[in-house]
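Enquirer: Provided below for reference: sequence and predicted model.
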Amino acid sequence: MVATDTVFAGSVPEFYDRMMVPLIFEPYAVDLAARVAALAPKTVLETAAGTGVVTRALAARLAADARITATDLNQPMLDHAMARQSGDKRIGWKQADALALPFDNRSFDVVACQFGVMFFPNKDQGYREARRVLKPGGHFLFNVWDKISKNDFADTIAHALAEMFPDDPPRFMARTPHGYHDGEQIRAELAEAGFSDVTIDAVDARSKAASPRDPAVAYCQGTPWRNEIESRGPGRLEEATDRATEALAQKYGKGAIDGRIRAFVITAAL
């Protein structure tokens, strides 16, 4: 991982929430929230809450007396999430590092994390922190993307960007979001952190867009891929977006497009 992999600032939160969430995150947020709700928790900690897609899904499913503490490392992402859900008094918002959580031991029934673990520079520490703040019998639920070749739009755009910058291809998406999918490694690291019961489920979904332009803008301008593109070619962000659009159109058509997405959902119990 490089330093820019965790930078979600500037216009990224707005693009991310408006375009990336419906494109790939919404179905997995619904799935994760349903799994959490089935445990009937009273206290939930969400780490790496981003722009709040899981927070909103949790709020729609949890009991009226449940409490959600939503945290993220990036204050701009959290600000965007708070603006969308400011009226729900069950939700508390706090900027926090998942590797150094500012909460007491045994504070929560569930810790949930949507596609955030891959960004942890020290996953062992992140897992230990999740275990520390869980109550006895608590659960840690999170999801991670499968390899990039199993996620069509991201893979297609990655190849287009590699052709544009052959000497130094932007590899953020393959390196980080799609770089942590080995089930045995995940099991071993969770066991080392003290979790004794781990299940891993593959969840397939479809990514749909009204046109090739939509996912091109979403990925190139709404993720840290943007940071890599702009650092390699100042003023070439629109060119990169156009190239991504063309690559998607060639592979999936010029109208509404549909591609596969695949992730793993991990449930770790104490």
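Expert: Nice, thanks for sending it over.
Enquirer: which residues of the stretch 151-270 of the chain fall in helices?
Expert: Remark: helices assigned in the stretch 151-270 of the chain by DSSP state H, counting those that start in this stretch are 152-164, 172-175, 183-192, 213-221, 225-232, 237-252.
Enquirer: Mind checking these for the one nearest to L58?
Expert: helix 183-192 (22.0 Å; Cβ to Cβ). Every C-beta, even on glycine, is put in place using the N, C-alpha and C of the backbone.
Enquirer: elements contacting the closest one?
Expert: With contacts taken as 3 or more Cβ pairs under 8 Å, 6 or more residues apart in numbering; DSSP states H and E, helix 183-192 sits against helix 123-133, strand 197-209, strand 257-269.
Enquirer: Partner strands of the helix or strand just after the first one, with direction?
Expert: With elements assigned by DSSP states H and E, the helix or strand that comes after helix 123-133 is strand 134-145. Each strand that strand 134-145 pairs with, and the sense of that pairing, follows from DSSP bridges: strand 108-114 (parallel), strand 257-269 (antiparallel).
Enquirer: Please convert the helices of the stretch 151-270 of the chain to CSV, extending it with mean neighbour count.
Expert: Formatted as CSV, the helices of the stretch 151-270 of the chain follow (neighbours: other Cβ atoms under 10 Å):
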stretch, mean neighbour count
helix 152-164, 21
helix 172-175, 20
helix 183-192, 15
helix 213-221, 24
helix 225-232, 20
helix 237-252, 18
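Enquirer: would TSV of the ones you listed with mean pLDDT and distance to R84 be doable?
Expert: Converted to TSV, those look like this (pLDDT from 0 to 100; distance: least, Cβ to Cβ, whole Å):
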stretch	mean pLDDT	distance to R84
helix 152-164	98	25
helix 172-175	97	25
helix 183-192	98	31
helix 213-221	95	18
helix 225-232	95	22
helix 237-252	98	26
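Enquirer: Ok, which of these comes nearest A57?
Expert: Nearest to A57 among the helices of the stretch 151-270 of the chain is helix 213-221; the distance by Cβ to Cβ comes to 19.5 Å.
Enquirer: In CSV: the helices of the stretch 151-270 of the chain, plus distance to A57.
Expert: Below are these laid out as CSV (distance: least, Cβ to Cβ, whole Å):
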stretch, distance to A57
helix 152-164, 22
helix 172-175, 24
helix 183-192, 23
helix 213-221, 20
helix 225-232, 25
helix 237-252, 28
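Enquirer: Let me know which of the ones you listed is the nearest to L99.
Expert: Nearest of the helices of the stretch 151-270 of the chain (Cβ to Cβ): helix 183-192, 13.6 Å.
Enquirer: got a list of contacts for stretch 53-64?
Expert: Stretch 53-64 is contacted from outside by 17, 21, 25-26, 29-30, 32-34, 36-37, 40-42, 44, 46, 49, 68, 70, 81, 84-85, 88, 90-91, 112, 114, using Cβ atoms under 8 Å, 6 or more residues apart in numbering.
Enquirer: Please narrow the residues you listed to those residing in strands.
Expert: Using DSSP state E, the members of those that fall in strands are V44, E46, I68, A70, I91, A112, Q114.
Enquirer: Among those, which pair sits farthest apart?
Expert: I91 and Q114 (15.2 Å).
Enquirer: Give me the more crowded residue out of the two.
Expert: Set I91 next to Q114 and count neighbours by other Cβ atoms under 10 Å: Q114 wins out with 26 against 23.
Enquirer: can you tell me which residues contact that one?
Expert: By Cβ under 8 Å, 6+ apart, Q114 lies in contact with F25, Y28, A29, L32, E46, A48, A49, G50, V53, V54, F142, N143.
Enquirer: what about the third one, how many neighbours?
Expert: Here the number of neighbours of A29 (other Cβ under 10 Å) works out to 21.
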